[in-house]
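Undergrad: Sequence unavailable; structure follows:
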(Lines give C-alpha, C1' and ligand atoms only; values in the text may rest on other atoms or scores of the structure.)
Protein backbone atom coordinates (compact mmCIF):
# COMPACT_ATOMS: atom_id res chain seq x y z
CA UNK A 1 0.00 0.00 0.00
CA UNK A 2 2.67 2.53 0.99
CA UNK A 3 4.91 1.58 -1.94
CA UNK A 4 2.09 2.39 -4.37
CA UNK A 5 0.99 5.63 -2.69
CA UNK A 6 4.56 6.83 -2.13
CA UNK A 7 5.40 5.88 -5.71
CA UNK A 8 2.50 7.76 -7.27
CA UNK A 9 3.31 10.81 -5.16
CA UNK A 10 7.03 10.64 -5.94
CA UNK A 11 6.51 10.26 -9.67
CA UNK A 12 3.87 13.00 -9.93
CA UNK A 13 5.94 15.33 -7.74
CA UNK A 14 8.80 14.77 -10.22
CA UNK A 15 6.95 15.08 -13.55
CA UNK A 16 10.02 14.33 -15.68
CA UNK A 17 10.21 10.92 -13.99
CA UNK A 18 6.51 10.23 -14.68
CA UNK A 19 7.12 11.21 -18.30
CA UNK A 20 10.16 8.91 -18.46
CA UNK A 21 8.17 5.82 -17.45
CA UNK A 22 5.18 6.92 -19.56
CA UNK A 23 7.44 7.15 -22.61
CA UNK A 24 9.33 3.96 -21.73
CA UNK A 25 7.25 1.54 -19.61
CA UNK A 26 10.21 -0.87 -19.57
CA UNK A 27 11.60 1.45 -16.87
CA UNK A 28 8.78 0.58 -14.44
CA UNK A 29 10.60 -2.24 -12.58
CA UNK A 30 13.63 -0.01 -12.08
CA UNK A 31 11.35 2.89 -11.11
CA UNK A 32 9.86 0.69 -8.38
CA UNK A 33 13.31 -0.01 -6.94
CA UNK A 34 14.11 3.71 -7.08
CA UNK A 35 10.82 4.55 -5.33
CA UNK A 36 11.64 1.98 -2.65
CA UNK A 37 14.93 3.79 -2.15
CA UNK A 38 13.63 7.35 -2.44
CA UNK A 39 10.42 7.06 -0.35
CA UNK A 40 11.05 3.94 1.68
CA UNK A 41 7.75 2.68 3.18
CA UNK A 42 9.53 1.27 6.25
CA UNK A 43 11.81 3.94 7.69
CA UNK A 44 13.21 2.08 10.68
CA UNK A 45 13.42 -1.36 12.25
CA UNK A 46 14.54 -2.40 15.71
CA UNK A 47 16.58 -5.49 16.50
CA UNK A 48 17.89 -6.98 19.73
CA UNK A 49 21.56 -7.94 19.76
CA UNK A 50 21.73 -11.74 20.04
CA UNK A 51 25.47 -11.94 20.74
CA UNK A 52 27.96 -9.20 21.66
CA UNK A 53 29.25 -7.46 18.51
CA UNK A 54 31.44 -4.55 17.49
CA UNK A 55 30.23 -2.40 14.63
CA UNK A 56 31.83 0.81 13.45
CA UNK A 57 34.07 0.89 16.49
CA UNK A 58 31.13 0.61 18.90
CA UNK A 59 30.58 -2.38 21.19
CA UNK A 60 27.01 -3.68 21.45
CA UNK A 61 26.35 -6.10 24.32
CA UNK A 62 23.90 -8.99 24.12
CA UNK A 63 20.34 -7.78 24.70
CA UNK A 64 21.00 -4.21 23.50
CA UNK A 65 18.32 -2.70 21.26
CA UNK A 66 19.53 -1.34 17.92
CA UNK A 67 17.40 0.78 15.60
CA UNK A 68 18.37 0.71 11.93
CA UNK A 69 17.26 3.78 9.98
CA UNK A 70 16.50 2.18 6.62
CA UNK A 71 15.19 5.40 5.08
CA UNK A 72 18.46 7.15 5.91
CA UNK A 73 20.56 4.24 4.62
CA UNK A 74 18.67 4.38 1.32
CA UNK A 75 19.83 7.99 0.94
CA UNK A 76 23.47 7.37 1.80
CA UNK A 77 25.49 9.54 -0.64
CA UNK A 78 28.38 7.05 -0.52
CA UNK A 79 26.07 4.41 -2.01
CA UNK A 80 23.62 6.51 -4.06
CA UNK A 81 25.01 9.56 -5.88
CA UNK A 82 22.69 12.58 -5.58
CA UNK A 83 20.49 10.62 -3.14
CA UNK A 84 17.78 13.27 -2.70
CA UNK A 85 16.89 13.15 -6.39
CA UNK A 86 14.38 10.64 -7.79
CA UNK A 87 15.89 9.00 -10.89
CA UNK A 88 14.01 6.09 -12.48
CA UNK A 89 17.08 5.35 -14.62
CA UNK A 90 19.44 5.06 -11.62
CA UNK A 91 21.73 2.05 -11.98
CA UNK A 92 22.89 -0.53 -9.44
CA UNK A 93 19.88 -0.11 -7.20
CA UNK A 94 19.82 -2.28 -4.11
CA UNK A 95 17.64 -0.45 -1.60
CA UNK A 96 17.35 -1.87 1.90
CA UNK A 97 13.60 -1.28 1.96
CA UNK A 98 12.63 -4.94 2.29
CA UNK A 99 15.39 -5.81 4.76
CA UNK A 100 17.88 -8.59 4.17
CA UNK A 101 19.05 -12.00 5.20
CA UNK A 102 16.70 -13.87 7.52
CA UNK A 103 14.73 -10.63 7.97
CA UNK A 104 14.00 -10.15 4.25
CA UNK A 105 10.32 -9.32 3.72
CA UNK A 106 8.42 -12.40 2.58
CA UNK A 107 5.96 -10.18 0.67
CA UNK A 108 8.61 -8.20 -1.23
CA UNK A 109 8.02 -9.81 -4.60
CA UNK A 110 4.24 -9.51 -4.28
CA UNK A 111 4.58 -5.80 -3.42
CA UNK A 112 6.78 -5.24 -6.48
CA UNK A 113 4.31 -7.06 -8.76
CA UNK A 114 1.35 -5.10 -7.34
CA UNK A 115 3.18 -1.81 -7.87
CA UNK A 116 4.09 -2.78 -11.44
CA UNK A 117 0.45 -3.58 -12.22
CA UNK A 118 -0.76 -0.30 -10.70
CA UNK A 119 1.81 1.90 -12.46
CA UNK A 120 1.28 0.13 -15.79
CA UNK A 121 -2.49 0.53 -15.48
CA UNK A 122 -2.25 4.20 -14.46
CA UNK A 123 0.02 4.94 -17.42
CA UNK A 124 -2.42 3.25 -19.78
CA UNK A 125 -5.67 4.60 -18.35
CA UNK A 126 -4.67 7.96 -16.82
CA UNK A 127 -1.45 9.12 -18.52
CA UNK A 128 -2.23 12.75 -17.67
CA UNK A 129 -2.76 12.18 -13.93
CA UNK A 130 -1.34 15.04 -11.88
CA UNK A 131 -1.20 16.29 -8.31
CA UNK A 132 -3.88 18.65 -7.07
CA UNK A 133 -2.78 21.89 -5.45
CA UNK A 134 -3.90 20.53 -2.07
CA UNK A 135 -0.95 18.95 -0.26
CA UNK A 136 -1.09 15.23 0.47
CA UNK A 137 -1.32 14.11 4.07
CA UNK A 138 1.27 11.76 5.52
CA UNK A 139 0.71 9.08 8.15
CA UNK A 140 1.98 10.13 11.57
CA UNK A 141 4.47 7.36 12.26
CA UNK A 142 8.17 7.09 13.03
CA UNK A 143 8.61 3.71 11.38
CA UNK A 144 6.15 3.72 8.44
CA UNK A 145 6.12 6.34 5.70
CA UNK A 146 2.89 6.49 3.78
CA UNK A 147 0.09 8.75 2.72
CA UNK A 148 -3.38 8.99 4.17
CA UNK A 149 -4.56 11.21 1.28
CA UNK A 150 -3.20 11.97 -2.17
CA UNK A 151 -5.33 14.48 -4.08
CA UNK A 152 -4.93 13.94 -7.83
CA UNK A 153 -6.81 14.82 -10.99
CA UNK A 154 -6.91 13.56 -14.57
CA UNK A 155 -8.90 13.92 -17.75
CA UNK A 156 -11.39 11.17 -18.52
CA UNK A 157 -11.03 9.54 -21.92
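TA: Structure's in. What do you need? Everything numeric in this text was worked out from a predicted model, so none of it was measured. Residues are numbered from 1 along each chain as shown.
Undergrad: Grab the longest helix from the chain for me.
TA: helix 108-125 (DSSP state H).
Undergrad: Go through that helix and flag the buried ones.
TA: By 16 or more other Cβ atoms under 10 Å, the buried positions in helix 108-125 come out as 111, 112, 115, 118, 119, 122, 123. Every C-beta, even on glycine, is put in place using the N, C-alpha and C of the backbone.
Undergrad: Looking at those residues, spot the one nearest residue 89.
TA: residue 119 (15.2 Å; Cβ to Cβ).
Undergrad: The closest one touches residue 31, doesn't it?
TA: Yes - using Cβ atoms under 8 Å, residue 119 is in contact with residue 31, at 7.0 Å.
Undergrad: quick one, what contacts the residue nearest in space to the middle of the chain?
TA: Closest to where the C-alpha atoms of the chain average out (Cα atoms, centre = their mean) is residue 36, at 2.3 Å. Contact analysis of residue 36 by Cβ atoms under 8 Å, 6 or more residues apart in numbering lists 3, 74, 95, 97, 98.
Undergrad: So it versus residue 18, what's the distance?
TA: 17 Å (Cβ to Cβ, to the nearest Å).
Undergrad: Which residue ranges of this protein form helices?
TA: With DSSP H as the criterion, the chain has helices spanning 2-13, 15-23, 28-38, 70-73, 108-125.
Undergrad: Kindly reformat those helices as a markdown table containing distance to residue 134 and mean pLDDT.
TA: Conversion of these to a markdown table gives the following (distance: least, Cβ to Cβ, whole Å; pLDDT from 0 to 100):
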| stretch | distance to residue 134 | mean pLDDT |
| --- | --- | --- |
| helix 2-13 | 13 | 96 |
| helix 15-23 | 17 | 96 |
| helix 28-38 | 22 | 98 |
| helix 70-73 | 25 | 96 |
| helix 108-125 | 19 | 96 |
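Undergrad: Quick check: neighbours shared by residue 119 and residue 31?
TA: In contact with both residue 119 and residue 31: 7, 11, 21, using Cβ under 8 Å, 6+ apart.
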